[in-house]
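Visitor: Need coordinates for the following:
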Amino acid sequence: MTLHTDRHFEDELQSLQELLLRMGGLVERQIAHAIESLVERDSELAREVIARDREVNRLDILIDEECLKVIALHQPAAGDLRFVTTALKVNTDLERIGDMAVNICERALELNDEPMLKPYIDVPNMAKEAQQMVRTSLDALVRRDTALARRVIEQDDVVDGYAHQLYRELLSFMVEEPKTISRATRILLVSKYLERIADHATNIAEMVVFMVDGKMIRHAASLPRGGAELA
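Guide: The predicted structure follows:
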């Protein structure tokens with residue numbers, strides 16, 4: 001962020017960044033506990049994660065309000081405006097990551113009441129990658145590090161690889177034994193939620209590139225080489 005003669009403005013931008021990191025830390029824990037509730041068959045933990053989503057939603061509203069207040073009171077320009085607009089979009093992605101953790105817990109509650117289909121191996125590995133992507137994307141935001149952000153974007157392929165592997169394995173279960181379809185479908189949904197978490201982390205990383213370089217790299221394949229730059 002730009003250095004300011006207005007100390008109050010600088011403090012507000014710093015406070016906004018700290019709120020984003022607090023939100024990020026909370027949703028990271030939500031992911032970890034959601035997967036733990038599934039792997040350990042801990043339905044009480046799943047219910048705790050679902051209940052804690054109220055705090056995620058509270059922070060979501062607070063961050064949006066702070067962003068709008070900064071825009072209204074200070075009318076930021078250039079890099080500061082990009083930071084505030086990035087904060088708005090990052091906040092939305094973090095809130096949706098929180099929703100995905102809740103969805104995982106809802107599937108865990110259903111699966112925990114049935115016999116285990118198979119040991120969970122790919123799911124926790126996939127969750128670990130997705131959680132790391134969230135953490136690294138926020139590190140890139142704090143450091144204004146576009147190289148780190150681009151590594152997050154590349155890491156999305158690892159999560160997709162786990163998802164494809166899990167899909168093939170679960171499909172074979174369903175074909176060989178139709179009675180497993182219900183359980184296998186729920187595990188596939190968990191995989192899809194983890195894919196979405198990785199996608200949201202990728203969105204955050206892309207916004208870091210925009211914030212630092214003024215370059216939009218979303219849908220880069222359909223844009224001129226190098227993405228869309230701001231004048």
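Visitor: The helix or strand encompassing Glu10 - contacts with which helices or strands?
Guide: Counting by DSSP states H and E, the element that carries Glu10 is helix 7-39. Under the contact definition 3 or more Cβ pairs under 8 Å, 6 or more residues apart in numbering; DSSP states H and E, helix 7-39 sits against helix 43-74, helix 78-111, helix 122-143. C-beta here means a position set from N, CA and C on the backbone, and glycine is covered the same way.
Visitor: among those helices, which is nearest Arg186?
Guide: Closest to Arg186 of the helices and strands packed on helix 7-39, according to Cβ to Cβ: helix 78-111, at 4.7 Å.
Visitor: list the helices and strands the closest one packs on?
Guide: Under the contact rule (3+ Cβ pairs under 8 Å, 6+ apart), helix 78-111 is packed against helix 7-39, helix 43-74, helix 122-143, helix 181-213.
Visitor: Tabulate the ones you listed in JSON lines, adding columns for mean neighbour count, mean pLDDT and distance to Gly161.
Guide: Output for these, formatted as JSON lines (neighbours: other Cβ atoms under 10 Å; pLDDT from 0 to 100; distance: least, Cβ to Cβ, whole Å):
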{"stretch": "helix 7-39", "mean neighbour count": "18", "mean pLDDT": "93", "distance to Gly161": "18"}
{"stretch": "helix 43-74", "mean neighbour count": "16", "mean pLDDT": "95", "distance to Gly161": "26"}
{"stretch": "helix 122-143", "mean neighbour count": "21", "mean pLDDT": "95", "distance to Gly161": "9"}
{"stretch": "helix 181-213", "mean neighbour count": "22", "mean pLDDT": "95", "distance to Gly161": "11"}
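Visitor: Ok, which of the ones you listed comes nearest Asp93?
Guide: helix 181-213 (4.1 Å).
Visitor: what's downstream of the closest one, the next helix or strand?
Guide: strand 215-216.
Visitor: so what does that following strand touch, helix or strand wise?
Guide: helix 181-213, strand 228-229.
Visitor: Tell me which of these sits nearest to Gly24.
Guide: Nearest to Gly24, of the helices and strands packed on strand 215-216 and by Cβ to Cβ, is helix 181-213 at 8.7 Å.
Visitor: and that closest one, what other elements does it pack with?
Guide: helix 78-111, helix 122-143, helix 146-176, strand 215-216.
Visitor: ok, Asp160 - contacts?
Guide: Glu195, Ala198 (Cβ atoms under 8 Å, 6 or more residues apart in numbering).
Visitor: From Val70, how far out is it?
Guide: 36 Å (Cβ to Cβ, to the nearest Å).
Visitor: ok, now Asp53?
Guide: 26 Å.
Visitor: just the angle between the helix holding Glu10 and helix 43-74, please?
Guide: 160 degrees (axes from the mean of the first three to the mean of the last three Cα atoms, to 10 degrees).
Visitor: quick one: helix 7-39 to chain centroid distance?
Guide: Relative to its chain's centre, helix 7-39 lies at 11 Å (Cα atoms, centre = their mean, to the nearest Å).
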